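I would like to see how this sequence folds:
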Amino acid sequence: MSIETRVDEHCIVAKATTNSIDASNASAFRTAMRAVIENHDRIVIDLGDVEFIDSAGIGTLIACLRASGERQGQLRLCSLNRPVQALFELMRMHRIFEVHSDSISARASMA
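This next block holds a predicted model:
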């Protein structure tokens, strides 16, 4: 699993380059994100390409949020498509994560 990153003056945007985050790749996603979290305090995870996420994927995102919080960092999610957004609402994850419609608004929330 790879992620694409871009850094600006406010934060780093990490884009998941997969159509799913599930039991088959959640560990690899967590490993890729670990390096980002260790080196940056303000992180946006762009899930625009992710069409499916299961409990392992949700667990990985929670682990990222927890790791970022332990470093007094900020983590935002953005660009959730309909199926992922619906799952987040069903599981009430939208109350745990700060979710934005796009990376611009997510980055601005940390400025």
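
Beyond the longest helix anywhere in the chain, next helix or strand please.
Taking DSSP state H as the criterion, the chain has its longest helix at helix 55-70. Going down the chain from helix 55-70, the next helix or strand is strand 74-78, by DSSP states H and E.

sorry, back to before: could you give the angle of the longest helix of the chain to strand 74-78?
150 degrees (axes from the mean of the first three to the mean of the last three C-alpha atoms, to 10 degrees).

Can you mark which positions in helix 55-70 are buried?
Using 16 or more other C-beta atoms under 10 Å as the burial criterion, the residues of helix 55-70 that qualify are 56-58, 60-61, 63-65, 67-68. Every residue, glycine included, has its C-beta placed from N, CA and C.

before we move on, what about stretch 72-92?
Neighbour counts over stretch 72-92 (16+ other C-beta under 10 Å) mark 73-80, 84-85, 87-88 as buried.

Keeping just the C-alphas, turn it into CSV.
The C-alpha atoms that make up stretch 72-92 are tabulated as CSV, following Å, rounded to 0.1, in the frame of the first residue of the first chain:
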residue,chain,number,x,y,z
GLN,A,72,-0.4,16.7,20.2
GLY,A,73,-1.0,16.7,16.5
GLN,A,74,-4.1,17.3,14.4
LEU,A,75,-5.6,14.9,12.0
ARG,A,76,-8.5,15.5,9.6
LEU,A,77,-10.2,13.3,7.0
CYS,A,78,-11.5,14.6,3.7
SER,A,79,-13.2,13.6,0.4
LEU,A,80,-15.2,10.7,1.7
ASN,A,81,-17.4,9.2,-1.1
ARG,A,82,-21.0,8.2,-0.4
PRO,A,83,-20.5,4.6,0.7
VAL,A,84,-17.6,5.5,3.1
GLN,A,85,-19.6,8.6,4.3
ALA,A,86,-22.6,6.4,4.9
LEU,A,87,-20.6,3.9,6.9
PHE,A,88,-19.0,6.7,9.0
GLU,A,89,-22.5,8.1,9.8
LEU,A,90,-23.8,4.6,10.6
MET,A,91,-20.9,3.9,13.0
ARG,A,92,-21.0,7.5,14.2
